[in-house]
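Novice: 3D model of this:
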Amino acid sequence: MEIPPKSPDGSEKSPQSKELLTSNTASTLCISSRSESIWTSASRSKWDIYHKPVIVISVGAAIFLFGVVITSLSCIEIENKHVYKMCGPALLSLGLMLLVYGLVWIPIIRKKQKQRQKSQFLQSLKSFFFNH
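Specialist: As a prediction, this is how the structure comes out:
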């Protein structure tokens, strides 16, 4: 009868625990990997890269312009003037916040793209030198 080897800390590990350990590690790797991996080198169009910030900028600009219109309506003699005075500045600030958020998002994406290109280049250099 064969005795399973003891681990360095002195506790015994059964073959089932070894299988669980490797499967747990594999699932952890799958969870921690991202959909945009450096291993996938499919080039993406500019719209695929920048569509989210463009949508945020567009929505922010629309809300901002709507806030301008509502704020300007508060200057006219209307029945519900106090509602326009409350909603107008709120929409102005929300629209401006989304507009700035989208405008700041674009340089961040550009920086990540440059880092990704450098990383892919370094990975290809590393694989070239260590595999040859």
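Novice: Below-threshold pLDDT in the protein: ranges please.
Specialist: Scanning the chain with the threshold set as pLDDT under 70 gives 1-42, 132.
Novice: And the helices in it?
Specialist: Assigned by DSSP state H, the chain shows helices spanning 15-32, 46-73, 81-131.
Novice: Columns mean neighbour count on top of those, output as CSV?
Specialist: In short, each C-beta sits where N, CA and C put it, glycine included. Listed next are the helices of the chain as CSV, based on neighbours: other CB atoms under 10 Å:
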stretch, mean neighbour count
helix 15-32, 10
helix 46-73, 15
helix 81-131, 13
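Novice: For L92, which non-adjacent residue is spatially closest?
Specialist: G67 (3.6 Å; CB to CB, 6 or more residues apart in numbering).
Novice: Would you agree the one you found is in contact with G95?
Specialist: Yes - with contact defined as CB atoms under 8 Å, G67 reaches G95; the gap is 5.4 Å.
Novice: returning to what we had before: list the contacts for the residue nearest to L92?
Specialist: Shown in contact with G67 (CB atoms under 8 Å, 6 or more residues apart in numbering): C87, G88, P89, A90, L91, L92, S93, L94, G95.
Novice: got a list of what the fifth one touches?
Specialist: Under the criterion of CB under 8 Å, 6+ apart, the neighbours of L91 are I63, F64, F66, G67, I70, T71.
Novice: Distance check, the closest residue to the fifth one other than its chain neighbours against S43.
Specialist: The shortest distance from I70 to any non-neighbouring residue, by CB to CB, 6+ apart, is to G88 (4.0 Å). Separation of G88 from S43 (CB to CB, to the nearest Å) stands at 45 Å.
Novice: Repeat that for H82.
Specialist: The spacing between H82 and S43, counted by CB to CB, is 54 Å.
Novice: swap in V59?
Specialist: V59 is 28 Å from S43, by CB to CB.
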